[in-house]
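> Quick check, what structure comes out for this input:
(one chain, ligands or ions: 1)
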Amino acid sequence: MKHGFSRYFRALGSLPALLGVPLLFYGCQSGAFTEDEGAIHPMNRSQELAASGPGTNYAIDDPFTAARTAWWRQDRFGMFIHFGAYSHYEGEYTSPSGSVCKNAEWIKRECNIPMSEYEQFAKTFNPSGFDANAIASLAADAGQRYIVITSKHHEGYAMWPTKVNTWNLRDHSAFDKTRDILAELKRASDARGVKLGFYYSIWDWHDPDFPNASTFPKYKERMYAQLKELITNYHPAILWFDGEWDTTNPYNPWKAEDGEQLEAYLRDLDPNLIINNRVGKRRVADGDTGTPEQEIPNEPVLGQLWESCMTINGSWGYARHDQNWKSVTDLTRKLTTIASRSGNYLLNVGPDALGRVPAEAATRLRGMGSWLRANGQSNAVYQAESPGVVDEPSWGVVSRRGNKLYASVYNWPASGGSLTLHARTSFNVTGARVLGSSQTVNATRSGDTVTIRPNGGRVGDPTVIEVGIATAAPTPAGSGTGLSAQFWPNANFSGEPTVRRTDARVNYNWKFTGSPASQIPAETFSSRWTGSIEPRYSEAYTFIAMSDDTVRLWIDGQLVIDNTSPHGPQIDRGTVTLQAGHHHTIRLEQTERGGEASMKLLWMSPNTPQEIVPVTQLYPSP
Ligand code: FHN
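Numbering: from 1, shown residues only. Sure, this is the predicted structure:
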């Protein structure tokens, strides 16, 4: 990357000064918005843009292999906590007319509660039963290795003593003014080795500057100031954004450009942060992680790490009326399914008005923890990923840790029956056992079919069968130095390239303001990489391109990816069989015709987990 984010941020000048601003009060009771004009030093767009500009690459590393994300990729299972002023209603609002409306964290909006009334009720919010140690212990008991708690949901109510306004748990509640629940949870999580992250809603129903494009920069200043407070005072491992989507009531001015700025700002504050894709507009070019919600993708997500967030009943915030609790078996099957596709599971609890986790949720979480602790079954989840070497079966899922496959069986075969797997590449089966049982298991391979024949009943649901495999050894890591790269200040490769260099990898997210080099304008350019690529296994490799605006990839002269329709951040893939140790020629072309720009080249094979193609396997043109 050409410039570090500190360069990006130094040029902004005003923002660090802003962040020490004294407390501002604003409220909607009077409709008045009183502000010390001198207290806000608005960033101006030219300063922001000057700070980045041509030559900036916003991709800081490969999230699939970076040390920064290692813990997240291994821990797989987190606790989501939705807790805010909305919790004080416990899911039910009775209007002055006596009508009863039920919701959860959207109750203010969905039950049409006037903001003045909502603020009045928040003054009586007193979550005196919030017990950070109990919550962190529950997460640990459940096997949830990180927590993400709502620091500010759409209602704008901050759950920490922010200095930016008085719409928060310290200044606007009946709660003990000496307490800080985020600080309590940070201490309790740290004490149990559980990472802590914060959810933060961009969409703000309370801030009067939010819904108006002309005053939105003032909201952004306060948002930046709050995020700096969270990072500086609590050192979260994760920032989990939400409320980024185009919407009204109130109108949401947030744009992808705002996400570019915010992500750069945050990475400048803490380069180790893990940031989800809702920091921008929930796309593959935004943040580090994709965020499917209440669903599980059918296969490993390409181009980005991913985490499925789900409720444990039907509501995110506490809702007394919602007794639709999922079973431990259902929840555990979701966990093993997600891990088998290289994803993380963020499972939510909604504490009640006193801050207590519902017993029904705690019981289910402890049931999942019991399953994980039994029989070594957690090997199917922690540090596990999609198997690569076999297709997903119909009777359950398969995850992999090194030379072990973990078959989580949902549908146990009838007595004498068997389970089959379809192999995608050559490997031998070295043995198999049912975790938690002494029964013998016969596992054999014939052609592309692996047959597993247990000789007893299931142990639990899921029951896990560990299958040992021996794959062909990879060839030694290559001695590559990267690909030959050429860049033109036009979108059609015309004339002599302005820039020639060797690129160690193709891992570029130029977004709106960046470009391959300071001599290349951000709005219009073309890029070409050439050389050869050396696989370490002889098998089918899937090349994955994250590109904007166009991409073409040739391997050994064969067009493997061809997307010349100008597009926003997009994933394209193509598969080709390669020979271990052989240097296959590669040619990759990308063009930028305005707006955002990006080009990342990843690969994966049955024995190669998804990654940016490493420098060791790339060789420049002779
Ligand atoms: O509107 C929110 C919702 O309240 C909840 O926070 C979920 C959890 O990710 N996110 C939004 C809906 O997508």
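> can you give me the offset of the helix or strand Ile147 falls within from its chain's centre?
In this structure, Ile147 is located in strand 146-152 according to DSSP states H and E. Put simply, strand 146-152 sits 14 Å off its chain's centre (C-alpha atoms, centre = their mean, to the nearest Å).
> got the contact list for it?
Here strand 146-152 makes contact (C-beta atoms under 8 Å, 6 or more residues apart in numbering) with 72, 75, 78-84, 105, 135-136, 139, 158-160, 182, 185, 189, 194-201, 204, 226, 230, 237-238, 240, 346. Glycine gets a C-beta too; all of them are placed from N, C-alpha and C.
> Around the ligand, which positions in the stretch 101-250 of the chain sit nearby?
Selection of the stretch 101-250 of the chain residues close to the ligand by C-beta under 6 Å from any ligand atom yields Glu105, Trp106, Asp242.
> ok, now which ones touch the first one?
By C-beta under 8 Å, 6+ apart, the residues touching Glu105 are His82, Gly84, Tyr86, Ser87, Thr150, His153, His154, Glu155, Ser315, Trp316, Gly317, Gly350.
> what is the residue nearest in space to the middle of the chain paired to in the beta sheet?
Geometric centre of the chain, nearest residue: Thr289, 2.4 Å, by C-alpha atoms, centre = their mean. Judged by DSSP bridges, the bridge partners of Thr289 are Asn276, Leu305.
> how about the strand holding Ile147 as CSV, C-alpha atoms only?
Listed in CSV are the C-alpha atoms of strand 146-152, where the atom choice follows Å, rounded to 0.1, in the frame of the first residue of the first chain:
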residue,chain,number,x,y,z
TYR,A,146,-16.5,-12.9,21.3
ILE,A,147,-19.3,-10.5,22.2
VAL,A,148,-20.8,-7.7,20.1
ILE,A,149,-23.1,-5.4,22.1
THR,A,150,-25.2,-2.5,20.8
SER,A,151,-23.4,0.6,21.9
LYS,A,152,-26.0,2.7,19.9
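> ok, back up a step: taking the residues of the stretch 101-250 of the chain next to the ligand one by one, which sit in strands?
Asp242 (DSSP state E).
> ok, and the closest non-adjacent residue to the residue in the stretch 501-622 of the chain that the ligand sits nearest to?
With C-beta to the nearest ligand atom as the measure, Pro569 is the residue of the stretch 501-622 of the chain nearest to the ligand, at 19.9 Å. For Pro569, ignoring the flanking residues on the chain, the nearest one in space by C-beta to C-beta, 6 or more residues apart in numbering is Ala285 at 3.4 Å.
> can you check Leu419 too?
Leu419's closest residue in space is Ile452 (C-beta to C-beta, 6+ apart), at 4.4 Å.
> And the contacts of the helix or strand hosting that neighbour?
Take DSSP H and E as the rule and Ile452 turns out to sit in strand 449-454. Under the criterion C-beta under 8 Å, 6+ apart, residues 390, 407, 412-413, 417-423, 429, 432, 434, 439, 441-445, 465, 467 lie in contact with strand 449-454.
> quick one, phi/psi of Gln610?
With angles defined as degrees, to the nearest 10, Gln610 sits at phi -50, psi 130.
> can you tell me the helix or strand for the residue lying closest to it once chain neighbours are set aside?
Leaving out its chain neighbours, the residue that sits closest to Gln610 by C-beta to C-beta, 6+ apart is Met604, at 4.2 Å. Taking DSSP H and E as the criterion, Met604 maps to strand 597-605.
> Using PDB, write out every CA atom in that strand.
Below are the C-alpha coordinates for strand 597-605, written out as PDB (Å, rounded to 0.1, in the frame of the first residue of the first chain):
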ATOM      1  CA  ALA A 597     -12.400   0.900  -8.500                       C
ATOM      2  CA  SER A 598     -10.900  -2.300  -7.200                       C
ATOM      3  CA  MET A 599      -9.000  -5.500  -8.300                       C
ATOM      4  CA  LYS A 600      -8.300  -8.400  -6.000                       C
ATOM      5  CA  LEU A 601      -7.200 -11.800  -7.300                       C
ATOM      6  CA  LEU A 602      -7.900 -14.700  -4.900                       C
ATOM      7  CA  TRP A 603      -7.700 -18.400  -5.500                       C
ATOM      8  CA  MET A 604      -8.900 -21.600  -3.800                       C
ATOM      9  CA  SER A 605      -8.600 -25.300  -4.500                       C
END
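> strand partners of it, parallel vs antiparallel please.
strand 507-511 (antiparallel), strand 539-548 (antiparallel), strand 608-612 (antiparallel).
> Which secondary structure elements does the following helix or strand past the last one sit against?
In other words, strand 608-612. Where DSSP H and E defines the elements, the next helix or strand beyond strand 608-612 is strand 618-620. Strand 618-620 is packed against strand 483-488, strand 525-533, with contacts defined by 3 or more C-beta pairs under 8 Å, 6 or more residues apart in numbering; DSSP states H and E.
> who does the residue nearest to Leu419 bridge with?
Residues in beta-bridge contact with Ile452 (DSSP bridges): Leu419, Ala443.
> any idea how far the residue in the chain sticking out farthest from the centre is from Thr420?
Distance from the C-alpha centroid of the chain, by C-alpha atoms, centre = their mean, peaks at Ser97 (43.2 Å). Distance, Ser97 to Thr420, by C-beta to C-beta, to the nearest Å: 62 Å.
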